[in-house]
Structure formats: structure tokens, C-alpha cells
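Chemist: Got a sequence here, can you model it:
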Amino acid sequence: MKLIVITGVSRGLGFEAAKKLLDTGYIVAGCSREKNESISDLEKKCENFKWFKCDVSCQKAVGLLFDKIEQWHECALWGVINNAGIARSGVLPTFPNVEIDSIIKTNLLGAMYIARGALRQILKQKKGGGRIINISSIIASRGYNGLSAYSASKAGLDGITRSLSRETGKLGVTVNSIAPGYLETEMSSDLSRKQRLQIINRTPLNRLGLVSDITPMILFLLSDEASFITGQTMVIDGGISV
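Modeler: Take a look at the predicted model:
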């Protein structure tokens with residue numbers, strides 16, 4: 001059995017990925033800022049799932065997270081899914097500094113802290129091998145009005161993927177990004193009807209993405225079959241970025 005850490009596990013892609021991994025036989029440690037009813041139910045149903053409170057933008061909290069996970073389960077850490085993220089829009093001249101800081105700290109620095117914590121744990125285990133999966137976005141490589149800070153955070157995340165893959169290759173640890181398009185999740189619920197239709201009309205497959213479009217790629221990148229894939233960004237967007 002293999003242990004996977006998922007950040008931002010309380011909703012959307014993180015929650016569905018946790019359920020899928022548990023169904024597939026993984027042990028899952030999930031973290032988020034707050035615990036909700038869905039997480040409580042999942043803990044009751046699955047002994048191989050444990051929720052931990054953690055704000056990934058806080059270095060100290062991330063350090064404590066890995067200590068607690070190690071105490072919870074004796075299984076060796078195999079991988080992390082850096083899924084925690086926030087998306088807030090606003091044109092840059094009037095976008096508050098506090099919002100910019102929050103986006104960068106959570107989406108970019110948080111992923112870096114989690115990856116560092118995971119690698120320290122993997123090195124300590126002295127077993128070699130592992131997976132780091134960063135949940136990016138097509139907005140990292142395409143310009144969207146009002147999303148400068150978010151775009152910068154995700155572009156930086158893909159930069160971490162490429163550079164870190166060179167650092168960790170000799171350890172047998174692969175590092176890859178998954179870049180979804182717009183998904184039918186809570187993060188897209190603020191889109192107006194007009195915005196949704198514009199996105200759908202620009203998408204060759206004529207719909208928003210589903211979480212179930214993303215989880216198979218997560219499972220693949222965690223598997224032995226993906227052991228020779230690293231430093232890559234896997235785009236899953238229905239063709240909108242073509």
C-alpha cells in the first residue's frame with residue numbers, strides 16, 4: 001500500500017481525487033483549512049483516510065503536518081498532490097495587495113512548502129521513488145482578463161515542476177503538473193451564464209470539464225507506468241487552448 005498526501009481535500013477535485021485513490025487501494029492523508037461534513041463522513045467510512053488541518057501557506061503548519069502524518073500511519077510516503085489553491089479575479093491596478101499575497105502564498109509558496117516537506121520525508125525513508133503532482137491551470141500559459149495574480153501563481157507552479165524534476169530524478173521521484181481547463185466545481189460556480197457560454201463555445205468538446213476527466217490522469221501519474229514521465233505539464237481542457 002502507498003500513502004498519498006492531498007492538499008485542498010475538502011471539496012472539488014481534491015475531495016473526488018481522495019475518494020478515487022481510496023477506492024484504488026491507496027492510503028490518503030488529506031488536509032485543508034477547514035473540515036466539512038463530507039470529510040467527516042469520509043473519515044467514518046474509510047479507515048485509510050485521515051484529515052489534518054493545515055494552511056499550506058504557513059511553513060510551520062506544513063512541517064507539523066508531515067510530523068502528524070508520520071505518527072498516524074507507518075506506511076511510507078509515496079506522493080503528494082498539490083491541489084490547494086484559491087482563485088480571485090480583479091484588474092491589477094485596483095486589485096488589493098492582500099489578495100495578491102494570498103494567491104501567491106497559497107498557490108505557489110504553499111505547493112513549494114508541501115513538496116519540500118514530502119521530499120524530506122522521502123529522503124528520510126531511504127527507500128527511493130515517489131511522485132509529486134502539481135495541479136496547475138491552462139491560465140498559467142494563456143492570458144485571461146482579471147487573472148494576473150492567479151496566472152502568475154500557476155505559471156510559477158509549472159516552473160517548479162520543471163526545475164524540481166531535475167533535482168529529484170536521481171531519487172526516482174517524478175514531478176509533473178496537470179493543467180485543467182474550466183471545471184464544473186465550486187471554483188467555477190461564480191461564472192456568469194454569459195461567461196460559461198463563452199467558455200463552452202470556445203471549447204472544441206463543447207462543455208466544461210468534469211473532475212472525472214482529471215482523476216484518471218492523477219492515477220496514471222502516480223502509477224509505475226508513469227515512471228519515465230517527469231517535468232511535464234499535462235493539459236486537460238477539452239481543446240480550448242488549441
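
Chemist: And residue 150, which helix or strand is it part of?
Modeler: According to DSSP states H and E, residue 150 maps onto helix 148-168.

Chemist: counting contacts, what elements does that helix pack onto?
Modeler: Helix 148-168 sits against helix 97-104, helix 110-125, strand 130-135, strand 173-180, with contacts defined as 3 or more CB pairs under 8 Å, 6 or more residues apart in numbering; DSSP states H and E. All C-beta spots, glycine's among them, are computed from the backbone N, C-alpha and C.

Chemist: Quick check: which of those is nearest to residue 66?
Modeler: Nearest of the helices and strands packed on helix 148-168 to residue 66, taken as CB to CB: helix 110-125 at 4.5 Å.

Chemist: what sits up against the worst-scoring helix or strand of the chain on mean pLDDT?
Modeler: Using mean pLDDT, DSSP states H and E, helix 193-202 stands out as the lowest-scoring helix or strand of the chain, at a mean of 88. Contacts to helix 193-202, defined as CB atoms under 8 Å, 6 or more residues apart in numbering, come from residues 181-182, 188, 191, 206-208, 240.

Chemist: Please produce TSV containing those residues, extended by neighbour count.
Modeler: TSV is the format used below for the contacts of helix 193-202 (neighbours: other CB atoms under 10 Å):
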residue	neighbour count
181	24
182	23
188	17
191	14
206	10
207	12
208	21
240	19
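
Chemist: Lowest-confidence one in those?
Modeler: Looking at the contacts of helix 193-202 by pLDDT, the weakest one is residue 188, with 66.

Chemist: who wins for proximity to residue 43 among the helices and strands packed on helix 148-168?
Modeler: Of the helices and strands packed on helix 148-168, nearest to residue 43 by CB to CB is helix 110-125, at 20.8 Å.

Chemist: May I see the buried residues of the closest one?
Modeler: 110-115, 117-119, 121-122 (16 or more other CB atoms under 10 Å).

Chemist: can I get these in a markdown table with pLDDT?
Modeler: Formatted as a markdown table, the buried residues of helix 110-125 follow (pLDDT from 0 to 100):
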| residue | pLDDT |
| --- | --- |
| 110 | 98 |
| 111 | 98 |
| 112 | 98 |
| 113 | 99 |
| 114 | 99 |
| 115 | 99 |
| 117 | 98 |
| 118 | 98 |
| 119 | 98 |
| 121 | 96 |
| 122 | 95 |
